[in-house]
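**Q** Got a predicted model here, sequence first, then my questions.
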Amino acid sequence: MPSSKKLLAAMQRAAEILRSGGLVVFPTETVYGLGADAENPAAVARIFAAKGRPADHPLIVHMARRDHLSQWSRDIPPAAFVLARRYWPGPLTLILHRACRVPDRVTGGQDTVGLRVPDHPLALMLLEAFSGGIAAPSANRFGQVSPTTVAHVREELGDAMDFILDGGPCRVGIESTILDLSGHQPRLLRPGAITLAEIEAVLEQPVIPQGNDALRAPGMLRSHYAPRTPLYLVPTGHLKAEICRRLRQGQRVGVLAMPATQLPESCLRHHMPPHPAGWARELYAQLRALDQQGLDGLLIEAPPSGADWQAVSDRLARAASAHTTFRF
Ligand code: TXA
Ligand code: MG
């Protein structure tokens, strides 16, 4: 850990770079972000260029404190204050009607803006030092797996950024839950560590579940979090037979499985933790590591179907959808 003096100097430097229109990579509890001054359209445009991201895909504005909500949005429903009090700082993004200070560049021209207060000490220090909003997507090339370490960011973006704050591996590991509060009823746009059931319990009202047609967000595109190696989700009962079939064909396969699942020695295998939070934390790093092995296929044991697994299952389904999904 750097001394507090060094840390403070790094923060001041990073904040200065943001002020002068530069790009700063910073850790959050979910994944690494590629940040720019949310009120500087030219700086925000650099994010889209660095990621190769289409201009109509909106960015999340990160804030230092939950009471900044009304600086960045308007017509705020009571549900937003309730959720902000309960979950911020934390892995929840709220979609609200935007305040006029939010440029078109950030929202892709939409009348709404995504807002969140990240739960990471370095992100919060940076936001305080900068004292503005930081527009930041995940720090990966468009369509690739989100980075959960600085090494991943470098693989993705090379030197497209002006400064990097290294906070080690991200604690949550998958992107924030996104809840749209701009309509009549709350709607889940992207599942995350905070589940639909938890939000319904806090709000004491139903939330419209994530729909197949909800393509308003790029994270909602069917294949968005895709490794390059063909990826197949395989039900537990079929996993061993499928691995053996491929090995007999001379294929090199990588496998991610539940702890109790027995696997043949001759595949590249990794047992994941037994719970959804563990899968979320390890998933992207494991997919990246396997993707670099030049394998013929990645076989992932399909996780249980419970509500707690929704976010992990969502990311796996997207990673698999670029290739043929395994069907029995
Ligand atoms: O955990 C996270 O949310 C990370 C960290 C860095 O905060 N960020 C992240 O950003 O995942 P990004 O850009 O990779 O994904 C943000 C998602 C996109 O799918 C985007 O379309 C959606 O949020 N989004 C942003 N503003 C929106 C809006 N006004 N309406 C609907 N969706 C929006
Ligand atoms: Mg992303």
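**A** It's in. Ligands and ions are numbered 1, 2, ... in the order given.

**Q** What segments of this protein are helices?
**A** 4-19, 41-51, 69-72, 78-87, 104-107, 121-130, 150-157, 196-203, 236-248, 276-291, 310-321 (DSSP state H).

**Q** Touching the third one from outside, list them.
**A** Residues from elsewhere that reach helix 69-72, judged by Cβ atoms under 8 Å, 6 or more residues apart in numbering: 61, 63, 76, 80-81, 84, 96, 98-99, 101-102, 113, 115, 133. Using the backbone N, CA and C atoms, a C-beta is placed for each residue, glycine as well.

**Q** tell me the mean pLDDT for stretch 87-98?
**A** Here stretch 87-98 scores 98 as its mean pLDDT.

**Q** Pull out the buried residues from that stretch.
**A** Using 16 or more other Cβ atoms under 10 Å as the test for burial, stretch 87-98 gives 87-98.

**Q** Kindly indicate which of the residues you listed lies nearest Ala14.
**A** If you rank these by distance to Ala14 using Cβ to Cβ, Pro89 comes first, at 18.3 Å.

**Q** OK, contacts around that closest one?
**A** Listed by Cβ under 8 Å, 6+ apart, the contact partners of Pro89 are 29, 66, 117-120, 124.

**Q** Next, see if stretch 26-46 gets close to ligand 1.
**A** Yes - against ligand 1, stretch 26-46 shows contacts by Cβ under 6 Å from any ligand atom at 28, 30-31, 33.

**Q** Now that stretch: buried residues?
**A** Quick answer for stretch 26-46 (16+ other Cβ under 10 Å): 26-40, 43-44, 46.

**Q** check contacts around the residue nearest the centre of the chain.
**A** Nearest to the mean C-alpha position of the chain, counting by Cα atoms, centre = their mean, stands Glu175 at 2.3 Å. With contact set as Cβ under 8 Å, 6+ apart, Glu175 has these partners: 30-31, 91, 138, 146, 190, 192, 219.

**Q** make it 10 Å
**A** 28, 30-31, 33, 60, 91, 93, 137-138, 146, 190-193, 219, 225, 280, 284, 311, 315 (Cβ atoms under 10 Å, 6 or more residues apart in numbering).

**Q** and what of Ile174?
**A** With contact set as Cβ under 10 Å, 6+ apart, Ile174 has these partners: 30-31, 91, 138, 145-146, 148, 190-193, 225, 276-277, 279-281, 283-284, 311-312, 314-315.

**Q** my guess is Leu287 meets Val145, correct?
**A** Yes - with contact defined as Cβ atoms under 10 Å, Leu287 counts as touching Val145 (5.5 Å).

**Q** Among the buried residues of stretch 87-98, which ones lie close to ligand 1?
**A** 91, 93, 95.

**Q** In strands only, show me these.
**A** Among these, the members found in strands (DSSP state E) are 93, 95.

**Q** ok, which residues in the stretch 51-200 of the chain are in contact with ligand 1?
**A** Checking the stretch 51-200 of the chain against ligand 1 by Cβ under 6 Å from any ligand atom, the hits are 57-60, 91, 93, 95, 107, 110, 112-114, 118, 136-138, 175-176, 178, 189.

**Q** Recalculate using a threshold of 8 Å.
**A** Counting by Cβ under 8 Å from any ligand atom, the stretch 51-200 of the chain comes close to ligand 1 at 53, 57-60, 62, 91, 93, 95, 98, 106-108, 110, 112-114, 116, 118, 136-140, 146, 172, 174-176, 178, 180, 182, 189-190, 192.

**Q** In strands, which of those fall?
**A** Per DSSP E, those map to strands at 60, 62, 93, 95, 98, 112-114, 116, 136, 178, 180, 189-190.

**Q** Could I have the buried ones of the residues you listed as ChimeraX selection syntax?
**A** The buried residues among those can be selected in ChimeraX (16+ other Cβ under 10 Å) with this line:
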select :60,62,93,95,98,112,113,114,116,136,178,180,189,190
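
**Q** for the chain, what are the low-confidence residue spans?
**A** Counting by pLDDT under 70, the ranges of the chain that qualify are 1-2, 212-225, 321-328.

**Q** can you list the domain ranges for it.
**A** Under automatic domain parsing, the residue ranges defining each domain of the chain are 4-220, 231-321.

**Q** just the ones you listed: most buried one?
**A** With neighbours defined by mean count of other Cβ atoms under 10 Å, none of the domains of the chain is more surrounded on average than domain 4-220, at a mean of 19.

**Q** picking that back up, any idea how far Glu128 is from the residue nearest to the centre of the chain?
**A** Distance of Glu175 to Glu128, given as Cβ to Cβ, to the nearest Å: 23 Å.

**Q** so Ala99 makes contact with Met63?
**A** No - using Cβ under 10 Å, Ala99 is not in contact with Met63; the gap is 11.7 Å.

**Q** Overlap of the contact sets of these two?
**A** Joint contacts of Ala99 and Met63 (Cβ under 10 Å, 6+ apart) are 69, 71-72, 115.

**Q** For the closest residue to Val31 other than its chain neighbours, give me its contacts.
**A** Spatial nearest neighbour of Val31, excluding adjacent residues (Cβ to Cβ, 6 or more residues apart in numbering): Ser146 at 3.9 Å. Taking Cβ under 10 Å, 6+ apart as the contact definition, Ser146 lies against 30-33, 137-140, 152-153, 156, 170, 173-175, 219, 224-225, 283-284, 288, 315.
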